[in-house]
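Peer 1: following is a predicted model, sequence given first.
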Amino acid sequence: MEKVLKKILQAKGVLVVGHISPDGDSLGSTLGLFHLLRQQGLVAYAMCLDKVPNKYLYLPGSDELLTSSENFPDVNTIVLLDCGDLQRAGLPANIPVDFIVNIDHHSSNSGCFGTAWVDSAFAAVGQQILRLAELARWEISPTVATCLYTSLATDTGFFRHSNTTPVVFRDAALLMELGASTQTVVENAAERKSLGELCLIQQALANLTQECDGRVTIIEVPRSVYAACGVDLDEAEGMIEYAKAVPGTVLAVLLREVSAHVTRVSLRARGDLDVSKVAVSFGGGGHKLAAGCTINAPLPDARRALLDQLIKVLPHA
Ligand SMILES: [Mn+2]
């Protein structure tokens, strides 16, 4: 953490960037750090090379995000958040910077990319940014608090997932005291459902199936559903919660058809499983109990290939 802070303070301009298919942690930590650096009078930009979901547009600074890697800002340092490589950020490998700083909490991140601070004990990267701000003695404004609270709330499933530690609750309380707009966060990032999303829920639940005596619950979302409901693929990510909700499920799987030959896979596990290994074996990554990957195969083939691997990590009934 000290090395990372030093690199940031020495930088001649910083570009903060999170991952594509941005989630609340990626956006919250990116914008949180962006505001912290700007408030220190440092040259800082924030970038997101993918569409920001509507439910996160309340985040202060979301309208200032750079959305293209062309017209690259005049900076010499990239701070890469909530992922472990440039590709996941949507950036080309030949990006014109001198230094790369990586702050992440994914257990699949080897911590070998640039000056890295990777620690899977943190529930969200936003929590790491909070620690960094404390170390640097940067003032945390209500704007920053709202961003970091968003990280913490969304990556813990609004304080429901197993990564919700006592420290998470203490940090959430601290951010609330510092002025985080907690009601705005919950109303937008958690409760907001467009008619298109409700249509998606209705259609996706019609494609719920079970395997392995009900221990694996799978929801499939074919491409036709996105068009019918007027939503995009990223909006379907939350569907995995419905699979995980079914009693007896130790492993929830969401299969989203990206194209005729590409399938996006999300995995959520309960208990002692490590699904990140399975995700990594397909070129993806994640945490022990929440991981994902993309399989270059039609949905039914991807399902079969995935199940072959999942059965190996599944405990015997
Ligand atoms: Mn995260």
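Peer 2: Sure thing, it's come through.
Peer 1: contacts and neighbour counts: CA atoms only from here.
Peer 2: Will do.
Peer 1: quick one: contacts of the lowest-mean-pLDDT helix or strand in the chain?
Peer 2: Lowest by mean pLDDT, DSSP states H and E among the helices and strands of the chain is strand 285-286, with a mean of 90. With contact meaning C-alpha atoms under 8 Å, 6 or more residues apart in numbering, strand 285-286 is reached by H106, S107, S108, N109, S276, K277, A279, V280, A291, G292, C293.
Peer 1: how far off centre is that strand?
Peer 2: From the chain centre to the centre of strand 285-286 is a distance of 10 Å (C-alpha atoms, centre = their mean, to the nearest Å).
Peer 1: repeat that for stretch 81-97.
Peer 2: With C-alpha atoms, centre = their mean, you get 15 Å for stretch 81-97.
Peer 1: list the buried residues of stretch 102-118.
Peer 2: Residues 102-109, 111, 113-118 are the ones in stretch 102-118 that count as buried (16 or more other C-alpha atoms under 10 Å).
Peer 1: show the model's pLDDT score for the most centrally placed residue in the chain.
Peer 2: With distances taken as C-alpha atoms, centre = their mean, D23 lies nearest the centre of the chain, 4.3 Å away. D23 is assigned a predicted lDDT (pLDDT) of 95.
Peer 1: next one: N94
Peer 2: At N94, pLDDT is 89.
Peer 1: any idea how far E257 is from it?
Peer 2: Here the criterion is C-alpha to C-alpha, to the nearest Å. By it, N94 lies 30 Å from E257.
Peer 1: now V79
Peer 2: Applying C-alpha to C-alpha, the value for V79 to E257 is 31 Å.
Peer 1: remind me which residues of the stretch 201-317 of the chain are low pLDDT?
Peer 2: The stretch 201-317 of the chain contains residues with pLDDT under 70 at 317.
Peer 1: for it, which segments count as helices?
Peer 2: Here the stretch 201-317 of the chain has its helices, by DSSP state H, counting those that start in this stretch, at 223-229, 240-245, 275-281, 299-313.
Peer 1: now those helices in TSV, with distance to the ion?
Peer 2: Listed next are those as TSV, based on distance: least, C-alpha to the ion, whole Å:
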stretch	distance to the ion
helix 223-229	25
helix 240-245	17
helix 275-281	14
helix 299-313	23
